[in-house]
Structure formats: C-alpha cells, structure tokens
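>>> Just the structure for this:
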Amino acid sequence: MGKILTSLFPFSTSKMLKFNLIVAVCENSGIGLKGELPWRLRSELKYFSYTTRRRENPKKQNAVIMGRKTFYCIPENKRPLLGRLNVVLSRTLKASELPTNVLLYPSLEEAMQQLEQSDQIETVWIVGGSAVYKEAMASQRCHRIYLTKIYKDFDCDTFFPAIPLDFVEVIGDPETPQGIQEEEGIRYEYIVLEKMS
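As a prediction, the model looks like this:
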C-alpha cells in the first residue's frame, strides 16, 4: 500500500505532519445514529466541506482520514469525498474492496507516516469515527479540533470521546464563523480547540 502512495506523490523530507479533527457533537456527546447523522443541518455540512477542502496552496490537496464504518456511512453518491484524498483505516478491508483512488492503511500512524512522504498534502483531517477520534486526540500529531457544538440532545448510538484537558479554545479564528448559528430551529456553534502539549 505504501508503494501506491509513493508512486502518486514525490518524496518530501518535511517535519512531522500534524492533523486536525473535525466533528459535530450534540449535547449528549452523540455524533451518529445507525450510520447516519442524527440531524440535518445544511450549513454545517457546507462548513465541513469548505473547511476540509480549504488550502493556501492550490497545487496541494488535503487528505481526510476515516475508519471503515465512517467511509461506508457516507452516501454512496458522495463517496469518496470529492476534492480531497480519502484514506480509510482498516485491518479487515482489502484495497480491492475500495475505489482505486482511496488509500487503505491498517493504522492511523502508518497512514500519517506515508502521507508525510508527500510534498503535495497540505492539511490532514480526521473525520471519524469514535475510536479514530480517540486515538487522534491522544496523538502528538494532533493540532486542532474543529468542533460544531449542537445545543440539543439527539438519540445517538455513537459518541465523541471525552476531550483531553490539554486542549484550549482558540478565540476569534478568522476562518471560523463566530457566534450562535441557527437552522431548522436547532442552535449550534463552531468552536476551535488547540492541543497545548
């Protein structure tokens, strides 16, 4: 699998590649129900798409890393996520079971080590699920969490892990909409947290 990535991207000797998490969480820490989002917030989905695609260098691209279940929870007509390099983490899937333009690695660290070899990746985003989020927040590679805080309880069967105490809120991030948002009677807020250690 590493050979596929190396053939796609030229070698780079850059420093350790970091990543960001992006997630929407309701008041009971829920993030999903039966493989789907428990809410329908179009503006929030647009924010996810814009944020994970946003880059300073148009010659580079961003990568999104997700677990197997998260990948298959994406509607089939939107899978893989367009305009981003999709990376799936699984120890049971075979590369032949995924689209040819999706990379497969058995672990988050192995995926990051391979992406690190590229000089064409600008930002790496962790997009789920719960176990991947937990591992990512504990990693030295973790830079920020882009958290959409939904001020309502929803019935969920998948939950976001507790955020470690070494994350602090970034006030006034210029790329993040400020203040309480509202759609379909649901109030929510975009918050950015940065890992301090």
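
>>> all contacts plus neighbour counts: C-alpha atoms, from now on.
Fine.

>>> longest helix anywhere in the protein?
helix 42-53 (DSSP state H).

>>> okay, that helix in CSV with CA atoms only?
Output of helix 42-53 as CSV, limited to C-alpha atoms (Å, rounded to 0.1, in the frame of the first residue of the first chain):
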residue,chain,number,x,y,z
ARG,A,42,-27.1,22.0,5.5
SER,A,43,-25.0,25.0,6.6
GLU,A,44,-23.0,22.7,8.9
LEU,A,45,-22.4,20.2,6.1
LYS,A,46,-21.2,23.1,3.9
TYR,A,47,-18.9,24.2,6.7
PHE,A,48,-17.4,20.7,6.9
SER,A,49,-16.9,20.5,3.1
TYR,A,50,-15.4,24.0,2.9
THR,A,51,-13.1,23.5,5.9
THR,A,52,-11.7,20.2,4.8
ARG,A,53,-11.1,21.4,1.3
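
>>> so what does that helix touch, helix or strand wise?
Helix 42-53 sits against strand 61-67, with contacts defined as 3 or more C-alpha pairs under 8 Å, 6 or more residues apart in numbering; DSSP states H and E.

>>> For the strand it packs on, name the packing helices and strands.
When contacts are defined as 3+ C-alpha pairs under 8 Å, 6+ apart, strand 61-67 sits against helix 42-53, strand 85-89, strand 121-126.

>>> List of residues touching it?
52-55, 83-90, 120-129, 132 (C-alpha atoms under 8 Å, 6 or more residues apart in numbering).

>>> What pLDDT is listed against L5?
Note on L5: pLDDT of 46.

>>> repeat for the one 3 residues further on
Reading off the confidence values, L8 has pLDDT 48.

>>> Then S197?
75.

>>> There's contact between it and D166 in this structure, I believe.
Yes. S197 is within contact range of D166, at 6.4 Å (criterion: C-alpha atoms under 8 Å).

>>> Off-centre distance for the longest helix of the chain?
11 Å (C-alpha atoms, centre = their mean, to the nearest Å).

>>> quick one: buried residues of it?
Residues of helix 42-53 classed as buried by neighbour count (16 or more other C-alpha atoms under 10 Å): E44, Y47, F48, T52, R53.
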